[in-house]
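Participant: Just the structure for this:
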Amino acid sequence: MKIIHTADLHIDSKMQTNLPKEKANQRKKEILLTFENMVEYASANDVKIIIIAGDMFDTSKISVQTKNRIFNIFKSHNDIKFVYLAGNHDEKNIIDEFTGSLDNLFVFGDNWTKFSFGSIDITGARVEGKSKTIYDTLLLDKDKFNIVVLHGPISKYNLKSDNVINLTKLQNKNIDYLALGHIHSYEADKLDDRGTYAYSGCLEGRGFDECGNKGFVLLDVKNDSYSYDFIQFAKRNLHEVEVDITGRSDWFDIENVVMKAVQNINKEDLVKIVLVGKYTLELSKQIEHLQAKLAARFYCVKIKDESVMKVDKNDYQYDVSLRGEFIRQVLASDISDKEKEDIILLGVKALGGEEL
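Facilitator: Purely as a prediction, here's the structure:
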């Protein structure tokens, strides 16, 4: 039997952090469309169950149009069983409103709930406030293929949270596959000698803290074995590209380095360029020009300049010009390095007659 494991869709997220209003609205629609496309993929590839491990919606306030579309996606794919666990963003679980009207929707409660599909048992519960006690009540049939669904960070991500998932306490519980939600990147590893745990990650990245390939996990459970694969499925990926400009005094050279660094990125993607390293006073930065150049190539571009100006006071020790005196005075002042950098840049521009 083929099963999809997905999570953290965050449908109806505002998407306005990195995008102008028009593109934010477009991305908002694309997130919903990617979910719809994933369900179509499931139907076309004989997937019988879709597990949604929490945070299908971004907030409890979603549009009526979105709610109706989700309902109709479920209803029109009656050949697929949708198994849903609410996440930490599901303050008011909208999915609960559908349960009385859909025969193919199965929703976990606050305590362990089990749904059986032939030789496969899928068991889940919300861990909020129960992360220290919930493990003792998990009882699974060792002769079944057991999938357990939870939403929250495992201990390596958050040791202080009351909702942390303790993998050690889930070992030797007859779990074959632990389907997790909450972490927005794909990750999979052994749980114990019998089982595997996995975060499916989100279907679409929403910000530059969610870079990399996005998609879902496809499980294929057979009589005596199972396999799982990560299926890349996002319409657009996000990339953060770090470019070191140390030792480069020619801005055209820097632009060429940046363009080479992004040459293999899909033009439909979102790109963040981070400039790092040290540059000399002689370098005339043209960030806006680089922004325009990249914006013509990619769906969205953000440039963050973290490079630091390297000014050695010894270079200006014997400079008798007004510029030399100005730089010496600033370098000798009792202010932060960042303030010195900003003042020197403005001062040198002013002395050179450049527009500030």
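Participant: going forward, measure contacts between C-alpha atoms and count neighbours the same way
Facilitator: OK.
Participant: What's the local residue count around residue 225?
Facilitator: Residues lying near residue 225 (other CA atoms under 10 Å) number 9.
Participant: Can you give me the distance of it to residue 30?
Facilitator: Using CA to CA, to the nearest Å, residue 225 is found at 36 Å from residue 30.
Participant: again, but for residue 271
Facilitator: From residue 271 to residue 30 the distance is 17 Å (CA to CA).
Participant: go on, residue 297?
Facilitator: Counting by CA to CA - residue 297 and residue 30 are separated by 20 Å.
Participant: Equivalent analysis for residue 202, please.
Facilitator: 13 Å.
Participant: Between these two, tell me which one has more neighbours.
Facilitator: residue 202 (28 against 19).
Participant: Does the residue in the chain sticking out farthest from the centre lie in a helix or a strand, and which?
Facilitator: Centroid-distance maximum for the chain: residue 320 at 53.7 Å, with CA atoms, centre = their mean. Secondary structure assignment for residue 320, by DSSP states H and E: no helix or strand.
Participant: which residue packs closest to residue 345, ignoring adjacent ones?
Facilitator: residue 281 (7.7 Å; CA to CA, 6 or more residues apart in numbering).
Participant: actually residue 302, sorry about that
Facilitator: Nearest to residue 302 is residue 272, by CA to CA, 6+ apart, at 4.6 Å.
Participant: and the one you found, helix, strand or coil?
Facilitator: Following DSSP: H, G, I helix; E, B strand; the rest coil, the label given to residue 272 is strand.
Participant: likewise residue 149?
Facilitator: strand.
Participant: contacting residues for it?
Facilitator: Counting by CA atoms under 8 Å, 6 or more residues apart in numbering, residue 149 touches 53, 85, 122, 123, 124, 125, 178, 179, 180.
Participant: The first one contacts residue 6, doesn't it?
Facilitator: Same thing as residue 53. Yes - Residue 53 is in contact with residue 6 according to CA atoms under 8 Å; the separation is 6.3 Å.
Participant: Tabulate the CA atom coordinates of the helix or strand where residue 82 lies in PDB.
Facilitator: Under the criterion of DSSP H and E, residue 82 resides in strand 81-84. Provided in PDB are the C-alpha atoms of strand 81-84 (Å, rounded to 0.1, in the frame of the first residue of the first chain):
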ATOM      1  CA  LYS A  81      -8.100   8.200   3.100                       C
ATOM      2  CA  PHE A  82      -7.000  11.400   4.800                       C
ATOM      3  CA  VAL A  83      -5.500  10.900   8.300                       C
ATOM      4  CA  TYR A  84      -5.100  14.200  10.100                       C
END
